[in-house]
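Enquirer: Build me a structure from this.
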Amino acid sequence: MINITEINIFLRNSESLLAIAHIIIDDCFIVKSIKIIEGKNGPFISMPNTRNKNGQHRDICHPLNTETRNEIETRIIAKYNEVKNNPQTITSDFKETETE
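Expert: Now for the predicted structure:
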């Protein structure tokens, strides 16, 4: 089981892109720029990705099994709903050009 120790949500004013999430795993590994997207069946996450020469999107990092993916998605969507309903819980700002 994955140990997500922190989740940060950065709300967006877009119809389909609801927010950007960063997660910290075991207080020692960060995954940035996980997109929260509005789908026809509700919100879902899209892992950080890049576009290859053929124009196809390829994940930069991703869970290796369904159980871990479901855990990450469930935790991120729950935190998104918490922040969406109480924007004061946002602790910092995120800019798309951020390159830490």
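Enquirer: which stretches of the protein have low pLDDT?
Expert: Within the chain, the set of residues satisfying pLDDT under 70 comprises 87-100.
Enquirer: residue boundaries of the strands in it?
Expert: Secondary structure of the chain (DSSP state E): strands at 4-11, 17-25, 29-39, 42-46, 49-51, 57-59.
Enquirer: Of those strands, flag the one that's most buried.
Expert: Among these, strand 17-25 has the highest mean neighbour count (mean count of other CB atoms under 10 Å), at a mean of 19. C-beta here means a position set from N, CA and C on the backbone, and glycine is covered the same way.
Enquirer: Is the residue nearest the centre of the chain bridged to anything, and to what?
Expert: By CA atoms, centre = their mean, the chain has its centre lying nearest to residue 34, at 2.8 Å. Residues found in beta-bridge contact with residue 34 (criterion: DSSP bridges) are residue 21.
Enquirer: I'd say it and residue 23 touch.
Expert: Yes - between residue 34 and residue 23 a contact is recorded at 6.7 Å, counting by CB atoms under 8 Å.
Enquirer: contacting residues for the nearest residue to residue 52 once chain neighbours are set aside?
Expert: Nearest in space to residue 52, with sequence neighbours left out and distances taken as CB to CB, 6 or more residues apart in numbering, is residue 58 at 5.5 Å. For residue 58, the contact set (CB atoms under 8 Å, 6 or more residues apart in numbering) comprises 49, 50, 51, 52.
Enquirer: For the first one, give its distance to residue 64.
Expert: Distance from residue 49 to residue 64, counting by CB to CB, to the nearest Å: 16 Å.
Enquirer: Can you spell out which residues form a bridge with residue 39?
Expert: Taking DSSP bridges, one finds residue 42 as the beta-bridge partners of residue 39.
Enquirer: Please state the offset of stretch 22-40 from the chain centre?
Expert: Counting by CA atoms, centre = their mean, to the nearest Å, stretch 22-40 is centred 3 Å from the centre of its parent chain.
Enquirer: Show me what it is in contact with.
Expert: So stretch 22-40 is contacted by 2-10, 15-21, 43-48, 61, 72, 75-77, 80, 94, 98, 100 (CB under 8 Å, 6+ apart).
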